[in-house]
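Student: Pasting the sequence and the predicted model now:
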Amino acid sequence: MIRHGEVYNPQGIIYGRLPGFGLSERGRGQIAAAAESLHAAPPTVLYASPMQRTQESAAILAERWPLPIQTDERIIETSIGSFQGRRFEDLPKPYITEEGAHPELEGAASMRARFMDWVEDVQRRHPNGVIAAVSHRDPIIVALLHWQQRSLDALPDFAMDPGSVYEVTLCERISVRALRTADENGSQAVL
């Protein structure tokens, strides 16, 4: 699970599913560094959300491993309705709850259902593959918390800066391991 790189967003708005939000220069560097963390188990299959920032992130990974990018709507950003284009402080606190903190905000149950549907599908299609998926902070964290059997209370403090990479092994026993995330100083580190 790879979170896309930093987005060029000089106005600091909630871009959600708005078009036209691609990677910043720093974001491109974050994804190049994320690729380094995958060297021990390079991907054999590459998926990405349809959003520009995830497609650009996946393209950087695809340069390293000549893989086609498979786009899947089920790993897209959280649906946030009319909160798009507004300031982050306009979101309710917490903004992600199990069923949705506001009628326009997608709840964790919906994110989890679509993400797990995608996971089951790719496991059937690529039973022995190493699958890289470029997605978004909240859907990834909701899935990781599910696999770790942790509550949504952990979501706000979960380490998932742009370019973070988590390895998930889905066998008899599920394991989740951070390969690349922020350290206590906010700098990125390969783990």
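Tutor: Everything's here; your move.

Student: Quick check: the gap between residue 100 and residue 14.
Tutor: Counting by Cβ to Cβ, to the nearest Å, the gap from residue 100 to residue 14 is 16 Å. Every residue, glycine included, has its C-beta placed from N, CA and C.

Student: How about residue 45?
Tutor: When distance is defined by Cβ to Cβ, residue 45 is 31 Å away from residue 14.

Student: One more: residue 26?
Tutor: 19 Å.

Student: Which one of the two is surrounded by more residues?
Tutor: Taking other Cβ atoms under 10 Å, residue 26 and residue 14 do not tie; residue 14 has more neighbours (17 against 14).

Student: In the sheet, which strands lie alongside the biggest strand by length in the chain, parallel or antiparallel?
Tutor: For the chain, the longest strand by residue count, based on DSSP state E, is strand 174-182. Its sheet considered, strand 174-182 pairs with strand 165-170 (antiparallel), strand 188-190 (antiparallel) by DSSP bridges.

Student: Could you tell me the least trusted of those?
Tutor: The minimum mean pLDDT among the strands paired with strand 174-182 belongs to strand 188-190 (a mean of 39).

Student: burial of the residue nearest to residue 177 when sequence neighbours are not counted, as a residue count?
Tutor: Nearest residue to residue 177, sequence neighbours excluded (Cβ to Cβ, 6 or more residues apart in numbering): residue 167, at 4.8 Å. Under the neighbour criterion other Cβ under 10 Å, residue 167 is assigned a count of 17.

Student: just how off-centre is the helix or strand hosting residue 46 within its chain?
Tutor: In this structure, residue 46 sits in strand 45-48 according to DSSP states H and E. Averaging C-alpha coordinates over strand 45-48 and over its chain gives two centres that are 12 Å apart (Cα atoms, centre = their mean, to the nearest Å).

Student: next structured bit after that strand?
Tutor: Using DSSP H and E, the next helix or strand after strand 45-48 towards the C-terminus is helix 52-64.

Student: neighbouring contacts of that next one?
Tutor: Applying Cβ atoms under 8 Å, 6 or more residues apart in numbering, the set of residues contacting helix 52-64 from outside is 2, 4-5, 7, 19-23, 27-28, 31-32, 34-35, 38, 43, 46-49, 67-69, 71, 132, 134-136.

Student: Next step: the residues you listed restricted to helices.
Tutor: If you go by DSSP state H, those have 27, 28, 31, 32, 34, 35 in helices.

Student: Contact partners for the residue lying farthest from the centre of the chain?
Tutor: Note on the chain: the largest C-alpha distance from the chain mean falls to residue 172, namely 24.0 Å (Cα atoms, centre = their mean). With contacts taken as Cβ under 8 Å, 6+ apart, residue 172 has no neighbouring residues.
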